[in-house]
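A.B. asks: I'll drop the sequence and a predicted model, then ask my questions.
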Amino acid sequence: MIDQPTGSQVSAILYKCNIMGTTCGTCIGGVNTKFGCAFCGGTCKYRPTCSVPAESTCPDVIINWVSPLSAPVEGHTKVTISGTNLGTSVASIPTVRLAGVACRPVTEDYVVSKRIVCTAAEAPGRLPRNGSIEVQLQGLGRVYNYSKQFRYVDPKLETVFPVKGPMSGGTRLTVRGKDLNAGNLDNISLTLGEEMLPCIVNSTIGSHSTICATPGIDRPKVVTSVRMFFDGSVRMLDQNPFRYTEDPVVEKIMPLASFLSGGRNLTITGKNFDSVQQPKMFVWYGNEKSGTTNCKHVPEMSDTVITCPSPRAPSSVKATAPPTVSSLRYKRQTDENNRVKIGFIMDGVLSVQNLTNITNTMLYVVDPVFSNLTSDGSIYIQEGTNLVINGQFLNLAASKMDVTVLIGGVPCNVTSISTNQLVCTVPSPQPEGKDKNPPVVTVKMGNLNFQVGSLKYKQASEGALPPWVIGLIVGVVVVLLVIIIVIIIYNRRRAMKARQEYKKVQMQLDTLESNVRNECKQAFLSAAFAELQTDMSDLTSDLIATGIPYWDFHSYAFKVLFPRQAYHQVLDRIDVDPGSRPSVEQGMRQFEQLLNNKAFLLVFIRTLEAQKGFGIKDKVNVASLLMIIFLNKMDYATEVLKSLLEDLVDKSVTGKHPKLMLRRTESVVEKLLTNWLSLSLYGYLKTSTGNPLFMLYKSIKHQMEKGPVDVVTADARYSLSEERLLREKIELKSITLNVVQEGGEMLQCRVLDCDSITQVKGKLLDAMYKNTPFSRRPPAETLDLEWRHGRGGHLVLQDQDVTSEYEDGWRRINTLVHYKVSDGAQMALVDSHNNTLRSTNSNMESTFMSVNSSTPMVQDVEQGAKAYHLTKPQDDGTIQKHGHKVISEIFLTRLLSTKGTLQKFIDDLFENILAVNGSLPPCIKYLFDFLDEQARRHGISDPEVVHTWKNNSLPLRFWVNIIKNPDFLFDIQVSHITDSCLSVIAQTFIDSCSTSEHRLGKDSPSNKLLFAKDIPRYKEKVQRFYNSIKDMPAVSDQEMAIAMNELSRTCCTQFNKTTAVWEVYHYATTYHDEIYEELQDSPEASKQRLPMKFEAVADTVRGEKDGYAEINFKSDDMRHVQFV
């Protein structure tokens, strides 16, 4: 109470120490002096209320993040360290060392306890180095390390592309090098020439490349140097890396007419076109602008001629069907209404964006229309004659050069075109159609495609056969008929027997499922039914709210390329002697240039695979290393992959079993295909299929943890796998624990009293960190589970301690029921300590001993005892399965109940995988069309062969891998029981893709019995998926190259490409002589002097001479890499 004199005012400040000082550092350093707060009992309190002595220092430093993690060797980079308990005042700012180099604090940026900003000093000798990030409190000896290392790097500019651009600027200039993202990214800039013209960075800065837009200047000139600035440090690339040229000028466009749908090829002449990498064309009408089309440079005339497909007309352009007049008269009548203005996008050149003079306006006319060949779409024609196709408005904006006619994919030579007719000469012999049907006639005009019917050639009549030939044919036919009849009878009897057995098993399954439903209805109010049919809607809404923890592209790529490996050499620099490093790195740049030569790379791979010592592990390793090398050239990787797949197809079709192609990883190309698909589909996984896959994983984990799981054997009550089914009846009770979190907040978590202590810790961590990726959670083994019994004391619970039960050489894992933990007990997760059992109150200890009085507490944990959790293994160490080939009804019922609970999530995943929509990546269509084309090339008419090839490529090599290993895509932990369930689902997906008949018998695996009724439904979805993809528009090589280039631009990884080249070069040295001989035997390799260049690499690595000094490497076939 405050006494207030009459007529006076009193002001008071009300505060709470625990709100103003949430941590030890902010309490001691922020509010202690002014408000009398102190840190005692683990929280910030008003000092007089402390019941225990207050802390004078805060030794437990927590570092949350550090940015940036690199700096140029000259230093000057401001590094920000964020965390907790980072000092209590400016005078007590902790000491910071980056890779062993002191970092000078910036006092004005210091935030008490929470943030340190320091300026990195110069690296000793200005040499690159890396090491830990160390923080040491003033006056204390303990050093705290951050989980990631700090790197002093020496950035280097190596190349610039393109080497010229228009003087108006706008050129996307790519600067390549190494460690280009050193220091603070906001302080990185580029300039051109001695005038320091700013080149604006408009994309993400990568370690190996940076893209900027060139500024405009007033006249052509040579840029003598390119400079890049990193936190005050500068790197320069000289020797005239870039030059400004005159702006491009458009002089003439021919023709100046197009149909509305666009796509007509236009020829544009002018000058200085070669200064622009990707010119584009557009038109506009009034205020409406069309889309752009990509133009192409004409070889050998790239500076004066480009060709552009006409854009699709803006929607406001309305061309009407003409009357029966000539095309010339129709054009005159529509000149004023349908003429549009033309423009080009050529980097930053504005003069070509508005070509308004009358000679550069384009006329749009109505689209042509082609009629069917006949009323029923089919026509017969004599071989070598002309095919006449009727239509309307055919030559209003097209000549015969603008029309392509294909008969079953073979060109029909167009000889003339008029307003109403098109004539072409049919090819000889008759082209083949699909599925033994007559070939389809297709007419293409720009963006328009017309299928006007099918065509069949009339066959010339032949003379009659001699009577003896006819008799011989009849005899052979009769014998064949008899044989066929015998085979049919035999097969029908076998099929009838199989159908009877299938129906018998199917009836048993139906009866079991009916029993499950009846049992659930009868036990509606019982706990068993609640376990079986728990509503999953809360889980679904929770997943939508919390988000999905995807790995970034680098982490995903590493897990796919090097599965189950925590580290690989490609993450670091080449491990060689410093004295030989320059020559080795120079040699690796030369060897990389060879790898980017397709002729060399194909010989290299084929030679390696021919060696007996080159095993499966080597093939997998080489495929992953090559994919790292070509990450920034995915279009080239696609070309190489196609060539190697063609080799594999050629080899497979000559064998006895062509269906086995791609089923196993027996060559480099098979792993290369897996890697190519995995990297190409990363974006599709994040935007489409990742969500249902994550939902399936969470639902399995949720369902498995509702019942007991044996921590030793990984067997569980709820399982899809017979091998992982817990067959013992375990008495259990669900209890709710109150978990004390930081700050004193309480969280409720449901567990089972039969759970081991490790399992309880895992469930508590799941509840406490449900929004946090697994890698950012504290590991369970670093924490202790502490049972807090009010004022009675604290007890640390562990899987094994002096209270563990021992019997006949067996030790039982401790559970909650072992410790007599009751519902509503208060628990906390604390930092782990070495002592296995501690008690802060003697009463608590005596109480615990009394409840275990029948089992005396031993002083030392017995050594050599075998552990078990829920069920005790037999003497031979195996769990009793009670089983034989036939699954007992009670256990199959358990499997069916679990499958029924998860059915929706399995269906959702399969539905999403097999959906064909606008977001389907082009690589799938491209790959499937390639396989179809290979089958046609080899005359394979059996549709099951191509179907199996597709199964072995996309479903088997990608989807099954992702389903079985969701931790490749998500930052999660997959337990053994969850892994076994995912393996069953993945096998079901494989079975659904198979073309073989799904037969069930008494010896059928349990997973096939579980999904017996679902697999036929899934098979239909797979077939529709393949058919829908086949009906999609083809993806051209150019479109695929664009998609792969886009992937190369967007993927950002931390792999060291030079190290990857070095690892591949080890194989080149191991099989040097064999590779050299194959290069000499190859005409293409010899023509390009590849044997000499291969030898030159070895000379450079050995440091004997500059292996490239006498050899010209700049051939057309090595255009992917230009070496400076």
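C.D. replies: Right, received. Where do you want to start?
A.B. asks: Which residue ranges of the stretch 401-550 of the chain form helices?
C.D. replies: Here the stretch 401-550 of the chain has its helices, by DSSP state H, counting those that start in this stretch, at 467-522, 527-532, 537-546.
A.B. asks: least reliable of those helices going by mean pLDDT?
C.D. replies: For the helices of the stretch 401-550 of the chain, mean pLDDT drops lowest on helix 527-532, to a mean of 41.
A.B. asks: can you map out the strands along the stretch 251-400 of the chain?
C.D. replies: Using DSSP state E, counting those that start in this stretch, the strands of the stretch 251-400 of the chain run over 257-259, 265-271, 280-285, 288-289, 293-294, 296-297, 305-309, 339-345, 361-365, 369-370, 378-382, 386-392.
A.B. asks: Geometrically speaking, which residue is the centre of this structure?
C.D. replies: Nearest to the geometric centre of the chain sits residue 682, at 2.3 Å (Cα atoms, centre = their mean).
A.B. asks: what sits against that residue?
C.D. replies: 553, 556-557, 1051 (Cβ atoms under 8 Å, 6 or more residues apart in numbering). Using the backbone N, CA and C atoms, a C-beta is placed for each residue, glycine as well.
A.B. asks: ok, now how distant is the closest residue to residue 41 other than its chain neighbours from residue 19?
C.D. replies: Nearest residue to residue 41, sequence neighbours excluded (Cβ to Cβ, 6 or more residues apart in numbering): residue 52, at 5.5 Å. Distance of residue 52 to residue 19, computed by Cβ to Cβ, to the nearest Å: 21 Å.
A.B. asks: With residue 577 instead?
C.D. replies: Taken as Cβ to Cβ, the span from residue 577 to residue 19 is 59 Å.
A.B. asks: before we move on, what about residue 409?
C.D. replies: Taken as Cβ to Cβ, the span from residue 409 to residue 19 is 76 Å.
A.B. asks: Looking at these two, which has the bigger crowd around it?
C.D. replies: The neighbour comparison of residue 409 against residue 19 (other Cβ atoms under 10 Å) goes to residue 409, with 14 against 9.
A.B. asks: In contact with the more buried one: list those residues for me.
C.D. replies: Residue 409 touches 431, 439, counting by Cβ under 8 Å, 6+ apart.
A.B. asks: Low-confidence regions, the stretch 1-150 of the chain specifically.
C.D. replies: Per-residue confidence for the stretch 1-150 of the chain (pLDDT under 70) gives these ranges: 1-8, 30-33, 59, 139-140.
A.B. asks: Return the helix or strand in this protein with minimum mean pLDDT.
C.D. replies: helix 842-851 (a mean of 35; mean pLDDT, DSSP states H and E).
A.B. asks: Past that helix, which element shows up next along the chain?
C.D. replies: strand 866-868 (DSSP states H and E).
A.B. asks: What count of nearby residues applies to residue 442?
C.D. replies: For residue 442, using other Cβ under 10 Å, the count is 18.
A.B. asks: got a list of what the closest residue to it other than its chain neighbours touches?
C.D. replies: Counting by Cβ to Cβ, 6+ apart, residue 442 lies nearest to residue 406, which is 4.6 Å off, once chain neighbours are set aside. Applying Cβ under 8 Å, 6+ apart, one finds that residue 406 lies in contact with 412, 441-444.
A.B. asks: between the residues you listed, which is closest to residue 128?
C.D. replies: Set against residue 128, the nearest of the contacts of residue 406 by Cβ to Cβ is residue 444 (57.0 Å).
A.B. asks: Contact partners for the residue lying closest to the closest one once chain neighbours are set aside?
C.D. replies: Nearest non-adjacent residue to residue 444, counting by Cβ to Cβ, 6+ apart: residue 404, 4.3 Å away. Contacts of residue 404 were listed using Cβ under 8 Å, 6+ apart, and they are 411, 414, 443-445.
A.B. asks: Thanks a lot, see you next time.
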